[in-house]
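Peer 1: Structure, please.
(one chain, ligands or ions: 1)
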Amino acid sequence: MFKAALLAACGCAVRAPTALPPPAAIAPTPSARQLAWQELELCAFVHFGMNTFTGREWGEGTEDPAIFAPESLDCRQWARVFKEAGMKGVILTAKHHDGFCLWPSQHSPHIVAQSAWRNGKGDVVRELSEACREAGLKLGVYLSPWDRAHPDYGDSPRYNAAYRGQLEELLTSYGPIFEVWWDGACGEGPNGRKQVYDFDGWTALVRKLQPDAVIFSDVGPDVRWVGNEDGSAGETCWGMISPAGYGRGAGGPPQEMLNRGLEDGTDWLPAECDVSIRPGWFWHAEEDAKVKSLVELDAIWHASVGRGASLLLNVPANRSGRISDGDAQRLVEFHRYLDAIYSVDLTRGARATASNVRGEAASLHGSGGRFAPGNVLDADPLTCWATDDGVAEASMELKLPASRRIDRILLQEPIALGQRVRSFTVEARVDGGWKEIAQGTTIGRKRILRFAPLETSAVRIHIRSARACPMLSRVGLFRGT
Ligand code: FUL
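Peer 2: Sure thing, here's the model as predicted:
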């Protein structure tokens, strides 16, 4: 959808015979479902389940279902908090490694219906799906392949069929699912039960039942793990890696590939940064005072979203079945803080010029500003500045209507046509000369660089090297201090 719209906006789909075509896409490029997912930027992860009540991070699978007893589960409160925090979706641990299913699955004996909660009629996935629908949030599911409770685990075909049944229930009973999250962890020891997972069959099932859903794992097929649980993508971060020959978990790609991507990667597999707002993934009373500070969240957001990745921020529900007040307040405070900075774009009123504009010499052909540098000033990701084929280095200048104090720049590439920029510098007009204020490597979906605050009336972006003729869809200037 997005790609078609970009091509149309760039004049490809609708062009008259003489109109100038946009640059050819440089492979690999994102699928429509990947592009839509990348636009979400920030979603909530909720770890909730048996561990919430035992105080553990990895349960054994032998826990008594009676222990699961949230006094006042309130998924609407979760949804309100996440919405107010600017999040676009929620991924719930429908089943963690201990195997306890938060919905009444027919494909496991270890399920919420075995507890006395809601008289054995409870269904956390149902309650969350309804709350998300009402709030306009997307719903995703974490369904751990590793299952310490399932009697068939280790008997590959039988367990694979059970897992398939669980997946089918989650993908058919709760409305649209935007992301399926496959964890790589498997803690079975050397004598543990060995299960060969049927990821190919499960992938085909997801495609059939929820064709718009992305699948996350170490190797995708749609979204890759970023290689750490700190919420930090590489400063160089390509949307591509080469997953062939790698698996999930212990056999996954090297950390560096996951974290930085690969310039010559074979597949578009954008990075997702999963990190918890607390030290643990599950709620523990003793961590109530350890909720990450605004400063920490700020660093995480800029090291993930600000480097072209997406942020999946875990906010665990507590034993009462609510998001704890401290976490909720921090999230909302953080959103207001970011919004105050990024809702005021200091490029307003600027005039843009560039060293090269696609088809400028051939303007008689009616390019009509289709690739003009000024296109980076609107927030429309479908309009962009583009250069002529064969150009590998180009610069653009933004003249501000007055001197303004800035301390960060935001850049975006139209990734529907592939990721191009390898390196760039940013200069500002200071005391009648140009002063370099920042430099970076990749841009991709979004890149934010921060620098010491300065007063300037013009900024120049120099694309020093690119895989194909450079294009930018957005440049923004902001002040945070
Ligand atoms: C890990 C799991 O083992 C943790 O418990 C948590 O769910 C995290 C998001 O993924 O691999």
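
Peer 1: Up against the ligand, what does the stretch 101-250 of the chain have?
Peer 2: Asp183, Ala185 (CB under 6 Å from any ligand atom). C-beta here means a position set from N, CA and C on the backbone, and glycine is covered the same way.

Peer 1: the helices in the stretch 101-250 of the chain, which residues?
Peer 2: 124-135, 156-173, 199-209 (DSSP state H, counting those that start in this stretch).

Peer 1: Deepest-packed of those helices, please.
Peer 2: Sort those by mean neighbour count, taking mean count of other CB atoms under 10 Å, and helix 124-135 sits at the top with a mean of 20.

Peer 1: Now render the helices of the stretch 101-250 of the chain as JSON lines, adding mean pLDDT.
Peer 2: Output for the helices of the stretch 101-250 of the chain, formatted as JSON lines (pLDDT from 0 to 100):
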{"stretch": "helix 124-135", "mean pLDDT": "98"}
{"stretch": "helix 156-173", "mean pLDDT": "97"}
{"stretch": "helix 199-209", "mean pLDDT": "98"}
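
Peer 1: Give the residue spans of the stretch 51-200 of the chain that score low on pLDDT.
Peer 2: The model of the stretch 51-200 of the chain has no residue with pLDDT under 70.

Peer 1: now the strands: where do they sit in it?
Peer 2: Secondary structure of the stretch 51-200 of the chain (DSSP state E, counting those that start in this stretch): strands located at 89-95, 138-143, 177-181.

Peer 1: try the stretch 201-350 of the chain
Peer 2: For the stretch 201-350 of the chain, the strands defined by DSSP E, counting those that start in this stretch cover 214-217, 223-225, 240-241, 267-268, 271-276, 310-314.

Peer 1: residue contacts, the residue of the stretch 201-350 of the chain found nearest the ligand?
Peer 2: Per CB to the nearest ligand atom, Trp281 is where the stretch 201-350 of the chain lies closest to the ligand, at 4.4 Å. The contact partners of Trp281, by CB atoms under 8 Å, 6 or more residues apart in numbering, come to Phe45, His47, Glu57, Asn314, Pro316.

Peer 1: ok, back up a step: next, format the strands of the stretch 51-200 of the chain as CSV and append mean neighbour count.
Peer 2: Below are the strands of the stretch 51-200 of the chain laid out as CSV (neighbours: other CB atoms under 10 Å):
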stretch, mean neighbour count
strand 89-95, 26
strand 138-143, 24
strand 177-181, 24
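
Peer 1: Show me what Lys95 is bridged to.
Peer 2: Beta-bridge pairing of Lys95 under DSSP bridges involves Cys101, Leu143.

Peer 1: quick one: it from Ala233, how far?
Peer 2: Computed as CB to CB, to the nearest Å, the Lys95 to Ala233 distance reads 28 Å.

Peer 1: And for the closest residue to the ligand within the chain, the neighbour number?
Peer 2: Minimum separation of the chain from the ligand (CB to the nearest ligand atom) falls at Ala185, amounting to 3.5 Å. Ala185 has 13 neighbours, counted by other CB atoms under 10 Å.
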